[in-house]
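Peer 1: All I have is the shape, not the residue letters:
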């Protein structure tokens, strides 16, 4: 055998022929798996950050990411269903108190900044502190034997599409974002170009807790000007997903597109419903309906042409997961999916979904097309219904009520549900929980801006608003009973069919909710909460107590409301809340700034 080198023939010893074949195969394997396919010198953002890795695995398919995770990440397993089970380390959930947003001239007037009374999640940092953290992250990534780079898209609407590039140490993180972002075609990858947003995930390396603006060894930093995110001190994959969502929460409203923390499905007639709700309200269960294709389970935008999913995958809680109750999610956990922080039987590799030995926040990440009933592409027409879900453990809100636009805005901003005894340490009685726009941790603008945009779009397209309580009736938690899922599904079906459009409604005091007197498939007496309580005085006292909690929570959004939406709009939104005069409590006067 001969090979050519510098225009002359060189004899290769017979014993080296196999070695050449192995080297050739290795070179080919590197080309296939993307090791040599990314020239960091061609990426402007990488040049500016000083990112010069020793070896890059770029856009590897799931099978290769499995191999890398099993080789380099201890504690990683392939479970019986074929999913990849792994650990996020010490942090098994997001760290909202460690989130920082760079405060600089081009964006600071838009952001709803955290203060002692605002309730905002946006704690500031200066540009220099961000650059120091980025330098820490990049230096760490440069020191590693290899890193993973993944390119993907956010937003299914091509007109709103954002190119996202993720740099990370862990194959698990690359597979997670492969699932959660919209996966480009090979042609789109070859023509990907400069990204619109970059995530530097150095989560295994701690932040310097003595640096300016740091409060711990964890820091999750977003720079809207440079379109970059830096992660230090946490390996929880959800930080990347929600980082992209936070950036969409800033960019999309600037384009007149409303970003939403919601589930979304569509009926046979093209009737789209948006579902809003915090954990435990039934958002995922109710939006995943075999009769209605799923557009998405968590993050959406409402634009000029209708709705579209931001993501290419789903990130489902799997604590207590059962095939009988959630067959679509159970079936989706297969090869290509990521299971995070679940307990796995060492011998059988079966997952114990009932176990919370590691965390209550066990999760599964999978591409949305793993759901049989997913609508691909994940887009839909203008929504016909907006459903605000709550789990009222106080047992006083009706199972369903029709909302005015002002009430939609108020309850959307309030983002109410309740915790019950047993869900968290120290909780012995119902506890109200409020999260602005059902996703307060991810908002960038003031909540009233999102609410005003929602009402404007609903009015323009004739969208109806509903408040649906999936919680308790006949008394508070411990006395009353949970509203049956069977009845809640019947209510949602009636909303979709239009059966609630022509029934009689009565007014519920204090909250001034319009409550239907009848609904197909639901006992009429169940629709009126006061009729379910044995002690009417106790009902009225509890209703007044809940109203007081609503008003108290809402005060945190009034401080600078006029500056963001104007005094007139702020007053209009406030009019959709409880009328405390009906219980003899005068609402404290408030002064709108500006």
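Peer 2: Nice, I can see it. Since the structure is predicted, the reported quantities are computational estimates derived from the model, not experimental observations.
Peer 1: Any buried residues in stretch 545-562, and which?
Peer 2: Buried residues in stretch 545-562, defined by neighbour count with 16 or more other Cβ atoms under 10 Å: 546-551, 553-554, 556-562. C-beta here means a position set from N, CA and C on the backbone, and glycine is covered the same way.
Peer 1: what does stretch 91-98 give?
Peer 2: Residues 91-92, 94-95, 98 are the ones in stretch 91-98 that count as buried (16+ other Cβ under 10 Å).
Peer 1: just stretch 381-401 next, same as before
Peer 2: For stretch 381-401, the neighbour count (16+ other Cβ under 10 Å) marks 382-401 as buried.
Peer 1: that older thread, quick check, nearest of the buried residues of stretch 91-98 to residue 132?
Peer 2: Of all these, residue 132 sits closest to residue 98, with 15.5 Å by Cβ to Cβ.
Peer 1: The closest one is in contact with residue 220, isn't it?
Peer 2: Yes - counting by Cβ atoms under 8 Å, residue 98 touches residue 220, with 5.7 Å between them.
Peer 1: Now for these two: what residues contact both?
Peer 2: Residues within reach of residue 98 and of residue 220 at once, by Cβ atoms under 8 Å, 6 or more residues apart in numbering, are residue 234.
Peer 1: any weak-confidence spans in the stretch 101-250 of the chain?
Peer 2: For the stretch 101-250 of the chain, not a single residue meets the criterion pLDDT under 70.
Peer 1: Likewise for the chain?
Peer 2: The model of the chain has pLDDT under 70 over residues 1-41, 420-429, 583-594.
Peer 1: and the longest helix for it?
Peer 2: helix 536-554 (DSSP state H).
Peer 1: quick one: contacts of it?
Peer 2: Contacting residues not belonging to helix 536-554 are listed as 392, 394-397, 410, 413-414, 416, 432, 434, 476, 509-511, 529-530, 533, 574, 577-578, 580, 583, 585, 587 [Cβ under 8 Å, 6+ apart].
Peer 1: Can you name the next helix or strand after it?
Peer 2: Scanning forward in sequence from helix 536-554 by DSSP states H and E, the next helix or strand is helix 561-565.
Peer 1: Can you list the helices and strands that that next one packs against?
Peer 2: helix 447-461, helix 567-574 (3 or more Cβ pairs under 8 Å, 6 or more residues apart in numbering; DSSP states H and E).
Peer 1: and if we set it to 7 Å?
Peer 2: Applying 3 or more Cβ pairs under 7 Å, 6 or more residues apart in numbering; DSSP states H and E, one finds that helix 561-565 contacts helix 447-461.
Peer 1: got the angle for the helix or strand that the helix it packs on is followed by vs helix 447-461?
Peer 2: Per DSSP H and E, the first helix or strand lying C-terminal to helix 447-461 is strand 464-469. Angular relation of strand 464-469 and helix 447-461 on a 0 to 180 degree scale: 130 degrees, by axes from the mean of the first three to the mean of the last three Cα atoms, to 10 degrees.
Peer 1: who does strand 464-469 pair up with?
Peer 2: With DSSP bridges as the test, strand 464-469 is paired with strand 383-390 (parallel), strand 400-403 (antiparallel).
Peer 1: Centre of the chain to the helix or strand following the shortest one, how far?
Peer 2: Going back to what we said before, that points to strand 400-403. Counting by DSSP H and E, the next helix or strand C-terminal to strand 400-403 is helix 405-414. Centre-to-centre, helix 405-414 and its host chain are 20 Å apart (Cα atoms, centre = their mean, to the nearest Å).
Peer 1: helices and strands around helix 405-414, which ones?
Peer 2: Other helices and strands packing on helix 405-414, by 3+ Cβ pairs under 7 Å, 6+ apart, are strand 383-390, helix 447-461, helix 536-554, helix 567-574.
Peer 1: one more time with 6 Å, if that's ok
Peer 2: Judged by 3 or more Cβ pairs under 6 Å, 6 or more residues apart in numbering; DSSP states H and E, helix 405-414 is in contact with helix 447-461, helix 567-574.
Peer 1: So which residues make contact with that helix?
Peer 2: For helix 405-414, the external contacting residues (Cβ atoms under 6 Å, 6 or more residues apart in numbering) are 388, 434, 436-437, 447, 451, 455, 465, 467, 550, 572-573, 575-577.
Peer 1: For ChimeraX, what selects the buried ones among those?
Peer 2: To isolate the buried ones among those in ChimeraX, judged by 16+ other Cβ under 10 Å, type:
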select :388,434,436,437,447,451,455,465,467,550,572,573,576,577
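Peer 1: Specify which member of the contacts of helix 405-414 is nearest to residue 305.
Peer 2: Closest to residue 305, out of all of the contacts of helix 405-414 and judged by Cβ to Cβ, is residue 455, at 19.4 Å.
Peer 1: wait, what's in contact with residue 281?
Peer 2: Contacts for residue 281 (Cβ under 6 Å, 6+ apart) come out as 389-391, 417, 470.
Peer 1: And for residue 448?
Peer 2: Taking Cβ under 6 Å, 6+ apart as the criterion, residue 448 is in contact with 561, 564-565, 573.
Peer 1: Which residue ranges of the stretch 201-350 of the chain form helices?
Peer 2: 238-254, 283-287, 327-332 (DSSP state H, counting those that start in this stretch).
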